[in-house]
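**Q** pasted the sequence and its predicted model underneath.
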Amino acid sequence: MPLGERAGDKSESRYCGVETEFSDDMPQLLTNHIYSAGFDFVVAQLMDPAYRPSLMQKESGEYGVLPFAGSDLVLSPSQWSSHVVGKISSWIDLDSDDEILRMDSETTLKQEIAWASHLSLQACLLPAPRGKSCANYARVVNEILQSLNNMLLWLRVPLVKTDDDATDVNSDHMIDSWEIWNSFQLLCEHHSRLSIALDVMSSLPSENSLGRWFGEPVRAAIVNTDSFLTNTRGYPCLSKRHQKLITGFFNHSIQVIISGKPVHNLQRGIADLASDQSNNNIDGVQRYPLRPYLDYIGYLYQRMDPIPEQERFELGYRDFLQSPLQPLMDNLEAQTYETFEKDTMKYIQYQRAICKALLDRVPDEEASAITTVLMVVGAGRGPLVRASLQAAEESGRMLKVYAVEKNPNAVVTLHSLVKLEGWESIVTIISCDMRYWDAPEKADILVSELLGSFGDNELSPECLDGAQRFLKPDGISIPSSYTSFIQPVTASKLYNDVKSHKDVTHFETAYVVKLHSVARLASPQPVFTFTHPNFSTDKSNNRYKKLRFEIPSDTGSAMVHGFAGYFDATLYKDVHLGIEPSTATPSMFSWFAIFFPLRTPVCIQPCTHLEVHFWRCCGPTKVWYEWGVTSPCASAIHNSNGRSYWVGL
Ligand SMILES: C[S@@+](CC[C@H](N)C(=O)[O-])C[C@H]1O[C@@H](n2cnc3c(N)ncnc32)[C@H](O)[C@@H]1O
């Protein structure tokens, strides 16, 4: 469906619209030009622009027929719903001092929305708020939203932000349209049917401030013909920055709408094309005047790189909240192991790390005399056993392997693998929880992969503390350490999805999620680090960290809906593995990020800082995180005493 939500898959066609008058030509326009001219829908006004309820009552009494721009019979029901976005009268001003205008505006808005619902339109475009003070407009829209079934309301928002406002955020001269949008959405309590149509101007704000919009519910971007430049052949084109922005819109499933009249003199171009029937004149139908602009947008889309196969596979997971795995408390399923095992990059890194450790452990001259004892703890169905044996072969070292696994179902597969590969003389399978296994000898190397998206959140520290009893005092743990990271994000879609559960529990839960429509508001910072082995006697896996994020001056104000979490693990020496964006292991897909939501989003201002606290707490049967913000304002402590979300020991 062109106008609703869709995955941002380049294999689907992109959706484009045109803003146009609703004239008698509408049926012809939709019949003759839709798709062939490069657009999929029109944004057209629903009501005669001269209509004012107060005047109509005076002129024709109370029961006059409303002057809608076209009867519902002018188009078929599917044309209305699939190809028309209703444009609400742009004269309405619900915050005017003029009471009559205000009342007329409210009446008209409600009548137009009711008409749009009658036509089953998928979306209506609301005019931009006229100033910072838009409370009455928001109140009426909020009231409408409460009874709206399927339709989305796209609030038109000009993409403007002056750059000189950084130091004085309270200045009356400050123009940052995000602020207006933000007050509107706060007044409407982040309603999930309220979204944005960004009006793209000829000059663009700074990159950082543009980035904020990708975490907001932007559904459409309106590009006026006068924002286009002219190329050497006289055709419309866009500046480099505009091109990048439009590509960003495509990547985020934001539909592009061309508005305005043609402003390029394309006489020569059209003459050139005159002989080309398919481009100019088909069976007497005139070429659509906005076509050169649509063609250019289509060209930008075609020019984009195709989505790599792995990302294509992950499209369905974008911004989709999932509960983190609990591999200690639960037993993973076969298909989960299967997915892990396809992640070649992860095992390549492990093999590299094991190879280096083996070479350090056994000098060349003793390679044929010493057998290294290696234990894979949490062996699953065996991929790390395979990586270890390949590392042994690569390094020319002799190995004896113990594969310890507590999931009896995975152990079945492990047995078959060992038999099938003929590893019986080298690999011993132990069906046991590593914390309680009574090992017959000590290991030189302990290999594990018990990491969650936030590093320690699948209880690797607790498991390895239990397992290190059977590691030699000078033994090596792979991984040798791991660190979690967080960064504040605008993530309006995730926030709304959490909110839809209507309980505190969901706001106090961390989710695994393939982040896509988010704005990352500051660089990630390290949170908790665990190092293995850790033979100190007073060790504790409780942690507390206070973090302070500086908000860049050119970002503008922004909303923090929560924190994205990542990890980076040092496997051995310089071999690492992780998903922290600046150092992420390329082509690795075993982990998505984690998301810690905030019950109440926090608004941050440029040149200020955001202070957040994270705790890792351990009890006899569970481990949990608590988190809270203290600046610029205090939030509740989330997940106190692990009441909503915990990981079972
Ligand atoms: C993330 S999976 C990794 C599996 C495998 N190494 C791989 O790379 O596909 C972690 C494995 O560790 C096992 N595990 C978790 N805690 C364990 C424990 N305390 N003792 C033994 N196995 C454990 C789980 O059952 C699971 O098979």
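**A** Here it is on my side, so go on.
**Q** okay, the residue nearest the centre of the chain: pLDDT?
**A** Note on the chain: the residue nearest the mean C-alpha position is residue 516, at 2.2 Å, using C-alpha atoms, centre = their mean. Per-residue pLDDT puts residue 516 at 97.
**Q** doesn't residue 360 belong to a helix?
**A** Yes. Counting by DSSP: H, G, I helix; E, B strand; the rest coil, residue 360 is found in a helix.
**Q** looking at it, the residue nearest to the centre of the chain is touching residue 320, isn't it?
**A** No. Residue 516 is beyond contact range of residue 320, at 9.3 Å (criterion: C-beta atoms under 8 Å). For every residue, glycine as well, the C-beta is placed using N, CA and C.
**Q** what do those two both touch?
**A** Here residue 516 and residue 320 have no joint contacts, going by C-beta atoms under 8 Å, 6 or more residues apart in numbering.
**Q** secondary structure class for residue 585?
**A** Per three-state DSSP, the local secondary structure of residue 585 is coil.
**Q** and it, how far from the ligand?
**A** Applying C-beta to the nearest ligand atom, to the nearest Å, the value for residue 585 to the ligand is 14 Å.
**Q** any idea how many residues pack against that residue?
**A** Residues near residue 585, counting by other C-beta atoms under 10 Å, number 20.
**Q** how about the strands in the stretch 151-300 of the chain?
**A** 152-158, 194-200, 218-224, 229-230, 236-237, 255-259, 281-282, 285-286 (DSSP state E, counting those that start in this stretch).
**Q** closest one to residue 624 among those?
**A** The closest of the strands of the stretch 151-300 of the chain to residue 624 is strand 194-200. By C-beta to C-beta, the value is 34.0 Å.
**Q** so which bits of that closest one are buried?
**A** 194, 195, 196, 197, 198, 199, 200 (16 or more other C-beta atoms under 10 Å).
**Q** mind putting the residues you listed into JSON lines with pLDDT and distance to the ligand?
**A** Output for the buried residues of strand 194-200, formatted as JSON lines (pLDDT from 0 to 100; distance: C-beta to the nearest ligand atom, whole Å):
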{"residue": "194", "pLDDT": "98", "distance to the ligand": "40"}
{"residue": "195", "pLDDT": "98", "distance to the ligand": "38"}
{"residue": "196", "pLDDT": "98", "distance to the ligand": "39"}
{"residue": "197", "pLDDT": "98", "distance to the ligand": "43"}
{"residue": "198", "pLDDT": "98", "distance to the ligand": "41"}
{"residue": "199", "pLDDT": "97", "distance to the ligand": "47"}
{"residue": "200", "pLDDT": "97", "distance to the ligand": "45"}
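**Q** now do the nearest residue to residue 34 once chain neighbours are set aside against residue 162, distance only.
**A** Excluding the flanking residues, the one nearest residue 34 by C-beta to C-beta, 6 or more residues apart in numbering is residue 83, at 6.1 Å. The gap separating residue 83 from residue 162 is 37 Å, by C-beta to C-beta, to the nearest Å.
**Q** so residue 474 sits in a helix?
**A** No. Read with three-state DSSP, residue 474 is strand and lies in no helix.
**Q** and for it, the neighbour number?
**A** Neighbour number of residue 474 under other C-beta under 10 Å is 8.
**Q** any idea how far residue 363 is from it?
**A** Residue 474 sits 15 Å away from residue 363, taking C-beta to C-beta as the criterion.
**Q** close to the ligand: what parts of the chain are there?
**A** Contacts of the chain with the ligand, taken as C-beta under 6 Å from any ligand atom, map to 327-328, 332, 337, 340-341, 377-380, 383-384, 404-407, 410, 433-435, 449-450, 463.
**Q** please redo it, this time with the cut-off set to 8 Å
**A** 325, 327-328, 331-332, 337, 340-341, 346-347, 350, 376-384, 404-407, 410, 432-435, 437, 448-451, 458-459, 463, 466-467 (C-beta under 8 Å from any ligand atom).
**Q** whatever helix or strand residue 345 lives in: how far from the chain's middle?
**A** For residue 345, the enclosing helix or strand under DSSP states H and E is helix 344-361. The chain centre lies 33 Å from the centre of helix 344-361; the measure is C-alpha atoms, centre = their mean, to the nearest Å.
**Q** and the angle for the strand ranked longest in the chain with helix 344-361?
**A** Criterion DSSP state E: the longest strand present in the chain is strand 558-572. If you take axes from the mean of the first three to the mean of the last three C-alpha atoms, to 10 degrees, strand 558-572 sits at 40 degrees to helix 344-361.
**Q** show the average pLDDT along the next helix or strand after strand 558-572.
**A** Following strand 558-572 in sequence order, the next helix or strand is strand 575-578 (DSSP H and E). Averaging pLDDT along strand 575-578 yields 98.
**Q** same thing with stretch 617-631?
**A** The average pLDDT within stretch 617-631 is 98.
**Q** still on that earlier bit, which of residue 83 and residue 162 has more neighbours?
**A** residue 83 (24 against 13).
**Q** how about low-confidence regions in this protein?
**A** Low-confidence segments of the chain (pLDDT under 70): 1-14, 57-63, 163-174, 267-286.
**Q** residue at max distance from the center of it?
**A** Outermost residue of the chain (C-alpha atoms, centre = their mean): residue 369, 53.6 Å.
**Q** that one and the ligand, how far apart?
**A** In terms of C-beta to the nearest ligand atom, residue 369 sits 30 Å off from the ligand.
**Q** what does residue 546 give?
**A** Distance, residue 546 to the ligand, by C-beta to the nearest ligand atom: 30 Å.
**Q** pretty sure that residue sits against residue 613.
**A** Yes. Contact criterion C-beta under 8 Å: residue 546 and residue 613 qualify, at 5.2 Å.
**Q** out of the two, which sits in the busier spot?
**A** The neighbour count for residue 546 versus residue 613, taken as other C-beta under 10 Å, is higher for residue 613 (15 against 9).
**Q** ok, the more buried one - contacts?
**A** Applying C-beta under 8 Å, 6+ apart, the residues near residue 613 are 544, 545, 546, 547, 627, 628, 629, 630.
**Q** are any of those residues buried, and which?
**A** 545, 547, 627, 628, 629.
**Q** the last one bridge partners, please.
**A** Note on residue 629: beta-bridge partners residue 612, judged by DSSP bridges.
**Q** now the first one
**A** Residues in a beta bridge with residue 545, per DSSP bridges, are residue 614.
**Q** gap between it and the ligand?
**A** 25 Å.
**Q** surely that residue meets residue 527?
**A** Yes. Between residue 545 and residue 527 there is a contact under C-beta under 8 Å: 5.1 Å.
**Q** any common contacting residues for those two?
**A** Going by C-beta under 8 Å, 6+ apart, residues that sit against residue 545 and also against residue 527 are residue 614.
**Q** where do the domain boundaries of this structure fall?
**A** 16-49+71-162+172-269+290-307, 334-449, 482-648 (the TED database).
**Q** re the thing from before, now for the buried ones among the contacts of residue 613, which pair is the farthest apart?
**A** 545 and 629 (13.4 Å).
**Q** ok, then the element right after the lengthiest helix in the chain?
**A** In the chain, assigned by DSSP state H, the helix with the most residues is helix 99-118. Counting by DSSP H and E, the next helix or strand C-terminal to helix 99-118 is strand 123-126.
**Q** quick one: contacts of stretch 348-355?
**A** By C-beta under 8 Å, 6+ apart, stretch 348-355 touches 374, 384, 387-388, 390-392, 394-395, 445, 447, 449, 478-479, 571-573, 575-577, 585, 588.
**Q** could you do stretch 521-529 as well?
**A** 212, 455-456, 481-490, 543, 545, 547, 549-552, 555, 558, 560, 564-566, 580-582, 604, 610, 614, 616.
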